[in-house]
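curious how this folds, go ahead:
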Amino acid sequence: MVRLFILLVAVELVLLILALIGCLSAERVRVLPRLLWVLVVVLIPLAGPIAYFLWGRPGHPATRPPARPVSPDDDPDFLRSMDSEQSRRDRELLAQWERELRKEEKPPPPPPDRHRDDEPQATDDTPQARDDKP
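This is a model prediction of the structure:
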């Protein structure tokens with residue numbers, strides 16, 4: 001009988017320590033506020049820590065909903081909107097630069113007036129050349 005008592009005390013002590021560590025280190029606890037869970041674990045022997053493990057512990061990470069992004073660069077929706085907004089701004093800036101370049105472009109100067117070999121050139125013998133002379 002003494003051995004059973006010692007075993008129960010050892011189990012109670014281990015459960016008490018594990019339940020207190022779990023309760024105090026968890027981000028959130030379920031069902032009751034954290035202070036009440038600490039009181040239940042400390043004041044109700046054996047049943048308090050068992051109750052905490054059954055109903056007070058937060059769920060497994062696999063059953064929790066995914067955490068929201070902490071900063072904007074962790075949020076894929078934000079990054080997608082930034083990418084499309086940046087692309088839109090880039091397109092507008094490029095269009096503005098193209099308009100400015102078109103305004104600044106001057107028409108090319110006309111080519112120098114050269115006569116090709118196959119075109120007839122005005123000479124003093126042609127009627128046009130004779131009309132110009134006094």
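
list the buried residues of the helix or strand containing I21.
In this structure, I21 sits in helix 2-25 according to DSSP states H and E. Counting neighbours by 16 or more other C-beta atoms under 10 Å, one finds that the buried residues in helix 2-25 are 12, 15-16, 19-20, 22-23. All C-beta spots, glycine's among them, are computed from the backbone N, C-alpha and C.

need the residues you listed in TSV with pLDDT, can you?
Conversion of those to TSV gives the following (pLDDT from 0 to 100):
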residue	pLDDT
E12	90
L15	91
L16	92
A19	91
L20	91
G22	89
C23	89
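
would you mark the buried spots in the helix or strand following the helix holding I21?
From helix 2-25 onward toward the C-terminus, using DSSP H and E, the following helix or strand is helix 34-43. Neighbour-count burial for helix 34-43, counted by 16+ other C-beta under 10 Å, picks out 37-38, 40-41.

also stretch 43-61?
Taking 16+ other C-beta under 10 Å as the criterion, stretch 43-61 shows 48-49, 51-52, 56-57 as buried.

which other residues reach that stretch?
Outside stretch 43-61, the residues that touch it by C-beta atoms under 8 Å, 6 or more residues apart in numbering are 8, 11-12, 15-16, 18-19, 22-23, 26-32, 37, 40-42, 64.

cool, and stretch 16-30?
Taking contacts as C-beta under 8 Å, 6+ apart, the residues outside stretch 16-30 that touch it are 34, 37-38, 41-42, 45, 48-49, 52-53, 55-59.

circling back to that earlier point, of the buried residues of stretch 43-61, closest to V2?
Sorting those by distance to V2 puts P49 at the head of the list, at 22.8 Å, by C-beta to C-beta.

rounded mean pLDDT for stretch 97-108, please.
The average pLDDT within stretch 97-108 is 80.

mind listing what's buried along it?
So, applying 16+ other C-beta under 10 Å, stretch 97-108 has no buried residues.

biggest helix in the protein by residues?
Once the chain is assigned using DSSP state H, the helix that runs over the most residues is helix 76-104.

residues of that one that come out buried?
Applying a neighbour-count criterion of 16+ other C-beta under 10 Å, helix 76-104 contains no buried positions.

what is that helix packed up against?
In this structure, helix 76-104 makes packing contacts with no helix or strand, judged by 3 or more C-beta pairs under 8 Å, 6 or more residues apart in numbering; DSSP states H and E.
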